[in-house]
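*Asks:* this one's structure only:
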């Protein structure tokens, strides 16, 4: 449909595949029978062409309406850095038809294959970027069709409906075929694979190791937080402490308890966060989740607060250990409270909360939200490492990986100092285990069913020599046979 719709090619902005960061969902806000040409003409009055790269009609037919690497605006993030999908209809009182959801499921699954940087967390409505009604009031509330769409993509299950799997006329149910101008004649076609081929959620997420320090933190002598029903919990709020990372929960709790008239802050019963993650990645429980603490104005009754120690402004982000632990904690909470990834928000993403928390680099700059969400999704889906090299320290790892680069280039194992990551691998090359003994690490790995290759070199020099020799011999392992 690209060449059949009104557009000004000379005003269209070209971009690279790596520029695509989002899949943005729109509704047309018009009756579903409104012709696509009419919608395109309305956009063309103020833009070089129709906003959407794809359009899904009420019967589920998918039309490509702009090339994927062209955008009608090069500055607005939800246009310049996104593939936009328009769903025919207005979804303030209703949601898209099952046929539309099913086609959206297949299209998004295919887009996530074409652009590996895209995850379920990349799927957003226009109203998540700007103050706008699209894709309808039912997107984030009411029937919450964002959750319906994302769940369909995640599980790969067809959406129940009364019609055949939608697509262009006469298409097979295994996929949706669409026009995709990619050849010189503009007539090439691509097939959208069935989303049922996508990985579904894996085994139950194990409860991470959590140390409860709530009883030991400063509390107000008379004030008490109110309790709430666990069934009331529907969201998780991510915070930064906006303090140097070494400042611990005791100091934070005291500042929360204390009245601060200069800032217009009243005294609180205790620390506002339910969980606190310092730079070393330890997960600390700082309040029982059944307490309605103060951490997100107007949303405290249903949100759990997870704080990462540090101030994540101007290029600063949490440590890898914080991301690792935070993702496992949040994935477990999502599972236990039957939430969706879309229910995990940064503090300033909640309405009526004009704050920089959890930092300027949450949604812009380093965009640590995407890093955290991708790791949460990996944990929820049970996607594990094939091979992991466990080092005793960051220094040892950095030196060995720099000097034995040929081994890591050849076999591309994961590498790190976290036993928790190693426990999720199929094979582990054991160099050392940091704060615990190699014998204890070996016992825990064996209990988890991990196969261990004993490198057992006590320093980086001998580890480097061993790995270089393996690379020279074309062998991944010293003592294991690779299946």
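*Replies:* That came through, no problem. Just so it is clear, the model here is predicted, and its values are computed rather than measured.
*Asks:* Would you state the helices of this structure in chain order?
*Replies:* 36-44, 77-80, 98-114, 145-155, 249-257, 320-336, 368-381, 394-403, 405-411, 419-422, 438-447, 460-473 (DSSP state H).
*Asks:* most neighbours per residue, which of those?
*Replies:* Stretch with highest mean neighbour count among the helices of the chain: helix 98-114 (a mean of 23; mean count of other Cβ atoms under 10 Å). Glycine gets a C-beta too; all of them are placed from N, C-alpha and C.
*Asks:* right, so of the helices of the chain, which gets closest to residue 350?
*Replies:* helix 368-381 (13.8 Å; Cβ to Cβ).
*Asks:* Can you name every helix or strand that that closest one contacts?
*Replies:* helix 320-336, strand 344-346 (3 or more Cβ pairs under 8 Å, 6 or more residues apart in numbering; DSSP states H and E).
*Asks:* related to what we said a few turns ago, reformat the helices of the chain as a markdown table; add distance to residue 62.
*Replies:* What follows is those, written out as a markdown table (distance: least, Cβ to Cβ, whole Å):
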| stretch | distance to residue 62 |
| --- | --- |
| helix 36-44 | 11 |
| helix 77-80 | 20 |
| helix 98-114 | 5 |
| helix 145-155 | 14 |
| helix 249-257 | 50 |
| helix 320-336 | 30 |
| helix 368-381 | 25 |
| helix 394-403 | 45 |
| helix 405-411 | 40 |
| helix 419-422 | 39 |
| helix 438-447 | 47 |
| helix 460-473 | 47 |
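*Asks:* From residue 36, how far off is the closest residue to residue 49 other than its chain neighbours?
*Replies:* The shortest distance from residue 49 to any residue other than its chain neighbours is 3.2 Å, reached at residue 7 (Cβ to Cβ, 6 or more residues apart in numbering). Taking Cβ to Cβ, to the nearest Å as the measure, residue 7 falls 13 Å from residue 36.
*Asks:* hmm, back to that, and residue 242, which of the helices and strands packed on helix 368-381 is closest to it?
*Replies:* With Cβ to Cβ, the closest approach to residue 242 among those belongs to strand 344-346: 12.8 Å.
*Asks:* can you list the helices of the chain in JSON lines and add mean pLDDT?
*Replies:* Formatted as JSON lines, the entries for these read as follows, by pLDDT from 0 to 100:
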{"stretch": "helix 36-44", "mean pLDDT": "88"}
{"stretch": "helix 77-80", "mean pLDDT": "92"}
{"stretch": "helix 98-114", "mean pLDDT": "94"}
{"stretch": "helix 145-155", "mean pLDDT": "90"}
{"stretch": "helix 249-257", "mean pLDDT": "97"}
{"stretch": "helix 320-336", "mean pLDDT": "90"}
{"stretch": "helix 368-381", "mean pLDDT": "88"}
{"stretch": "helix 394-403", "mean pLDDT": "85"}
{"stretch": "helix 405-411", "mean pLDDT": "86"}
{"stretch": "helix 419-422", "mean pLDDT": "80"}
{"stretch": "helix 438-447", "mean pLDDT": "83"}
{"stretch": "helix 460-473", "mean pLDDT": "84"}
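*Asks:* returning to that earlier point: what's the burial count for the residue nearest to residue 49?
*Replies:* If you count neighbours by other Cβ atoms under 10 Å, residue 7 ends up with 21.
*Asks:* Cheers, nothing more for now.
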